[in-house]
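**Q** 3D model of this:
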Amino acid sequence: MTPPDADTAERRASRLLRWYPRAWRSRCGEEFAELVRRTELSPRVLDFETRLGTAACAAMAVFLGGCCAWILDGGPGPANLFHARAIDAAAAVVMTIAFAAAWRAARMARLAAARAR
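**A** Numbering: from 1, shown residues only. Below you'll find the model as predicted:
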């Protein structure tokens with residue numbers, strides 16, 4: 001297996017570190033970054049990650065479509081119990097943002113898997 005590109009590994013490490021609290025980064029960040037730089041995934045793992053990400057995107061699209069259909073319908077739910085309100089529209093926006101992030105991550109995984117082959 002070829003070693004990972006140093007520049008790509010460095011960008012991946014800094015991108016991952018941004019999600020951790022500042023105190024943790026100052027204490028453990030350099031060790032974590034070094035571990036990420038040295039990590040090398042096999043093509044088989046990358047292929048699995050790609051298929052898993054694609055399946056997650058498909059499932060999320062189905063749920064998002066159902067949510068949007070319910071909001072656009074605007075009618076009450078079963079037995080007149082549920083009504084679409086602003087919170088539901090806000091949830092649909094959040095789900096759309098999560099879907100966009102998942103789609104981008106799945107795309108990046110597909111590109112990484114293609115480069116590994």
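
**Q** Show me where this protein has its helices.
**A** 6-17, 22-38, 43-73, 86-116 (DSSP state H).

**Q** Looking at the first one now, give me its mean pLDDT.
**A** What it means is helix 6-17. Average pLDDT, helix 6-17: 74.

**Q** Over to the third one?
**A** The pLDDT scores in helix 43-73 average 87.

**Q** Name the residues of that helix that come out as buried.
**A** The neighbour-count check on helix 43-73 (16 or more other C-beta atoms under 10 Å) flags 46-47, 49-50, 53-54, 57, 60, 67 as buried. From N, CA and C alone the C-beta is placed, and that goes for glycine too.

**Q** any idea how far the residue positioned nearest the centre of the chain lies from Ala90?
**A** With distances taken as C-alpha atoms, centre = their mean, the residue of the chain nearest its centroid is Ala102 (3.5 Å). Ala102 is 19 Å from Ala90, where distance means C-beta to C-beta, to the nearest Å.

**Q** With Gly53 instead?
**A** According to C-beta to C-beta, Gly53 stands 26 Å off from Ala90.

**Q** Asn80 is nearest to which of the helices of the chain?
**A** Asn80 sits nearest to helix 43-73 of all these, at 13.7 Å, using C-beta to C-beta.

**Q** what's that closest one packed up against?
**A** helix 86-116 (3 or more C-beta pairs under 8 Å, 6 or more residues apart in numbering; DSSP states H and E).
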